[in-house]
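# structure for the following, please:
(chains A and B)
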Amino acid sequence: DVKVTQSSRYLVKRTGEKVFLECVQDMDHENMFWYRQDPGLGLRLIYFSYDVKMKEKGDIPEGYSVSREKKERFSLILESASTNQTSMYLCASSVPTGTDTQYFGPGTRLTVL
Amino acid sequence: KNEVEQSPQNLTAQEGEFITINCSYSVGISALHWLQQHPGGGIVSLFMLSSGKKKHGRLIATINIQEKHSSLHITASHPRDSAVYICAVGSGNKLVFGAGTILRVKS
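This next block holds a predicted model:
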């Protein structure tokens, strides 16, 4: 079974703090994705990566950056957290065709005070 | 207008009822996915469709490519089916998601 894990289930941070969210997958998938999920808006793509050190902006990259130094690990960074970044963050991975099944992590509910 | 529209947004059903959730999309796609999200956040893939119909247990998914429409049906619904059901379409190498349908099945 594919396993995608995220570093925290719940996180509370203060405005202006730097926040790291980590995602690890164990199936040697090339593609990894970071989404945020907000009520009524569904999942929106922040960034995705199709290989080590490769990244591409999604629909809402502003205020975020990513890092992929190893194939199994994809990190999302909030350089200076703001209250409008309070959300559920979900990581996913998939094989290279991209539109194949994505496997999701359990999510991190981030609250920025 | 969103590229992927789901209806209804919320649905409450009695145990045993037949349930239909609809998804319409406006972009060209290579595949359509139905996903399920239980309280607590975890998302699992139910179906991936590029044509026709698929069945898994009490769940049936259909797609009409010409009409750009898909339906997810649940037969003999049960309280454990209560979840958010999400439609997503494959466009390029990414997925575009609908806003989800919140389903509550009462016993």
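# name the residues that touch the strand ranked longest in chain B?
Secondary structure of chain B per DSSP state E: the longest strand is strand B:83-91. With contacts defined as C-beta atoms under 8 Å, 6 or more residues apart in numbering or on different chains, strand B:83-91 is touched by A:42-43, A:98-99, B:3-4, B:6, B:21, B:23, B:25, B:27-39, B:43, B:46, B:70, B:72, B:95-98, B:100-103. (Each C-beta comes from the backbone N, C-alpha and C, glycine too.)
# next step: the residues you listed restricted to helices.
Among the contacts of strand B:83-91, no member falls in helices (DSSP state H).
# what subset of the residues you listed is buried?
If you count burial by 16 or more other C-beta atoms under 10 Å in any protein chain shown, the buried members of those come out as A:42-43, A:98-99, B:4, B:6, B:21, B:23, B:25, B:29, B:31-37, B:43, B:46, B:70, B:72, B:95-98, B:100-103.
# mind checking which of those are in strands?
A:42-43, B:4, B:6, B:21, B:23, B:25, B:31-37, B:43, B:46, B:70, B:72, B:95-97, B:101-103.
# give me the local confidence score for the residue nearest the centre of chain A.
Nearest to the geometric centre of chain A sits residue A:34, at 2.8 Å (C-alpha atoms, centre = their mean). Per-residue pLDDT puts residue A:34 at 97.
# ok, now the one 3 residues further on?
At residue A:37, the pLDDT value in this model is 93.
# now do residue B:105
So, for residue B:105, pLDDT stands at 97.
# who's in contact with it?
Taking C-beta under 8 Å, 6+ apart, we find residue B:105 in contact with B:12-15, B:17, B:19, B:77-82.
# from the chain's centre, how far out does the helix or strand where it lies sit?
Secondary-structure assignment from DSSP states H and E places residue B:105 in strand B:101-106. Taking C-alpha atoms, centre = their mean, to the nearest Å, the mean C-alpha location of strand B:101-106 is offset from the chain mean by 12 Å.
# angle of it against strand B:31-37?
50 degrees (axes from the mean of the first three to the mean of the last three C-alpha atoms, to 10 degrees).
# list, one by one, the residues from chain A near chain B.
Counting by C-beta under 8 Å from any C-beta of the partner chain, the residues of chain A lying close to chain B are A:9, A:31, A:33, A:40-45, A:48, A:50, A:58, A:88, A:90, A:92, A:97-104, A:106-107, A:109.
# how close does the residue lying closest to residue A:78 once chain neighbours are set aside get to residue A:56?
Of all residues not flanking residue A:78 in the chain, residue A:19 sits nearest, at 4.0 Å (C-beta to C-beta, 6 or more residues apart in numbering or on different chains). Relative to residue A:56, residue A:19 is positioned 21 Å away (C-beta to C-beta, to the nearest Å).
# swap in residue A:48?
Taking C-beta to C-beta, one finds residue A:48 at 6 Å from residue A:56.
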